[in-house]
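In: here's a sequence, model it:
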Amino acid sequence: MTVLDHRHLAGDVPGWRPDASGPRTDPAPLLPDHEPYRMLGTPAAEKAEPLLLTELYRRLVAGRRYNQQATTLTKQGRLAVYPASTGQEACQVAAALALRQDDWLFPSYRDTLAVVSRGVDPLEALTLLRGNAHTGYDPRATRTAPLSTPLATQAPHAVGLAHAARLRGDDTVALAMLGDGGTSEGDFHEALNFAAVLNAPVVFLVQNNGYAISVPLTRQSAAPTLAHKAVGYGLPGRLVDGNDALAMHTVLTEAVERARSGGGPTLVEAVTYRIEAHTNADDATRYRQEEEIAAWRDHDPILLMERQLRALGLLEDGLSQGATEAAEALAARMRSEFHADAVLDPMSLFAHVYAEPTQQLREQAEQLAAELAAEEH
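Out: Coordinates of the predicted model:
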């Protein structure tokens, strides 16, 4: 017997009030759609602002070129590792566009494109993956938290910041980005629970790309969708086609504004696909078939947007050429910046780890300082 089965005993169970004034929440409004929400290729797209469609297209093209160039730099040894978001660009650019400049983004290690889309220089966004520093950009100045390599640890941080901002009277919203693998971590569930209880102005974006490294989603969760996990914590879940940039932007914008207006948190599941391997160190052929990848290539976010723009008469030669030229300029700047060797201070490794360094950290710093001094003689 479930909690809901006790409704007929309402008069006998103290504290149980199934009516609107009681402590329980009706789950129906929280449930996600039966199918991922789509806009491109539907009548809804015809009502979209042309400027928004073309801006999304430009960012998708730039994002794809960014992924390609970062992957090449990794093969050349200029990056230690690169988790590409190829195929997931619609999620990345929509997340950045949905936020105001004074909102906060909490990215995972695969979300550097979202960071760059917020205006952070690629060299700074990729500093961690280059192995040069904990982060290459100022989180306070950019309103972007450092890339989170441990899965889902950024989610509770996003809740804490959002709650603190509301206590201060700010209308700031935090958006935390995770992968489907992150939903298997305790931090994810704790974050959803805290967010719902505190009614924190935070949005959780789960990019369900099908795999947590090599583990398929079916081996992680038996839930109907990941969006359904929201219901158990008392917040709405939204299920969206993660390759539909317009749908992603619409749903995320609605969730952000809902949070800003006091409506509380939202969990958005974006159904997408990781076209490339997990990282350059991964062999994806060991756990997935080429036929599966080919099916998703036909559902590519750039391809979907081009079809819509062409149907609306917006895909002119000037738009396509301009988007390509801007993307190539971005790639050229990345090559130029990354081919210059960075000047590093090894002692900076110990900075910003603890407010008060631990005894072990001080000992390690002293040991490294001694080794560096010995090398100079």
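In: contacts, neighbours, all on C-alpha from now
Out: Will do.
In: buried residues, stretch 266-281. List them.
Out: Of all the residues in stretch 266-281, those buried under the rule 16 or more other CA atoms under 10 Å are 266-280.
In: identify the farthest-apart pair in these.
Out: 266 and 280 (32.8 Å; CA to CA).
In: show me where the stretch 1-150 of the chain dips below the pLDDT cut-off.
Out: Along the stretch 1-150 of the chain, segments meeting pLDDT under 70 span 1-24.
In: now the helices for this protein?
Out: 50-75, 89-98, 112-117, 122-125, 127-130, 139-142, 154-167, 186-198, 245-260, 290-297, 301-311, 317-338, 359-375 (DSSP state H).
In: nearest to residue 232 among the ones you listed would be which one?
Out: helix 186-198 (8.8 Å).
In: so for that closest one, mean pLDDT?
Out: Per-region confidence: helix 186-198 scores 98 on mean pLDDT.
In: hmm, residue 30 is touching residue 236, no?
Out: Yes: look at residue 30 against residue 236 with CA atoms under 8 Å: they come within range, at 3.9 Å.
In: which residues do these two both contact?
Out: Shared contacts of residue 30 and residue 236 (CA atoms under 8 Å, 6 or more residues apart in numbering): residue 230.
In: more neighbours: the two, which one.
Out: Shown here are residue 30 and residue 236; by other CA atoms under 10 Å, residue 236 has more neighbours (24 against 21).
In: residues contacting the more buried one?
Out: Residue 236 touches 29-32, 230, 265-267, counting by CA under 8 Å, 6+ apart.
In: show the pLDDT at it.
Out: The model's pLDDT for residue 236 equals 97.
In: for it, give me phi and psi.
Out: Main-chain dihedrals, residue 236, degrees, to the nearest 10: phi -70, psi 150.
In: gap between it and residue 311?
Out: Taking CA to CA, to the nearest Å as the measure, residue 236 falls 33 Å from residue 311.
In: swap in residue 201?
Out: Residue 201 sits at a distance of 37 Å from residue 311 (criterion: CA to CA).
In: compare neighbour counts for those two and give me the winner.
Out: Shown here are residue 201 and residue 311; by other CA under 10 Å, residue 201 has more neighbours (33 against 12).
In: wait, what's in contact with the more buried one?
Out: 159, 162-163, 166, 172-174, 195, 256, 259-260, 262-265.
In: again, but for residue 66
Out: So residue 66 contacts 113, 327, 330-331 (CA under 8 Å, 6+ apart).
In: just among those residues, which is most surrounded?
Out: Neighbour-wise, the contacts of residue 66 (other CA under 10 Å) top out at residue 113, 29 neighbours.
In: so that one is in contact with residue 91, correct?
Out: No: counting by CA under 8 Å, residue 113 does not reach residue 91; the two are 9.6 Å apart.
In: and for stretch 119-129, what's in contact with it?
Out: 79-82, 112, 115-116, 133-137, 142, 147, 334, 337-338.
In: next, name the residue at the spatial heart of this structure.
Out: The centroid of the chain falls nearest to residue 177 when counting by CA atoms, centre = their mean (2.8 Å).
In: hmm, that one is touching residue 104, no?
Out: No: using CA under 8 Å, residue 177 is not in contact with residue 104, being 11.2 Å away.
In: identify the bridge partners of residue 241.
Out: On the basis of DSSP bridges, residue 241 is bridged to residue 271.
In: any idea how far residue 118 lies from residue 77?
Out: From residue 118 to residue 77 the distance is 26 Å (CA to CA).
In: an error on my part: the question was meant for residue 186.
Out: 35 Å.
In: for residue 302, same thing?
Out: Here residue 302 is placed at a distance of 29 Å from residue 77 (CA to CA).
In: more crowded one of these two?
Out: More crowded of residue 302 and residue 77, by other CA under 10 Å: residue 302, with 24 against 12.
In: do I have it right that residue 165 meets residue 174?
Out: No: counting by CA under 8 Å, residue 165 stays clear of residue 174, with 9.4 Å between them.
In: show me which of these two is the more surrounded one.
Out: residue 174 (31 against 17).
In: my guess is that one contacts residue 203. True?
Out: Yes: counting by CA under 8 Å, residue 203 is a contact partner of residue 174 at 6.3 Å.
In: common neighbours of those two, please.
Out: Joint contacts of residue 174 and residue 203 (CA under 8 Å, 6+ apart) do not exist.
In: could you tell me how many residues sit around residue 223?
Out: Considering only other CA under 10 Å, residue 223 is surrounded by 11 other residues.
In: can you check residue 85 too?
Out: Using other CA under 10 Å, residue 85 has 28 other residues around it.
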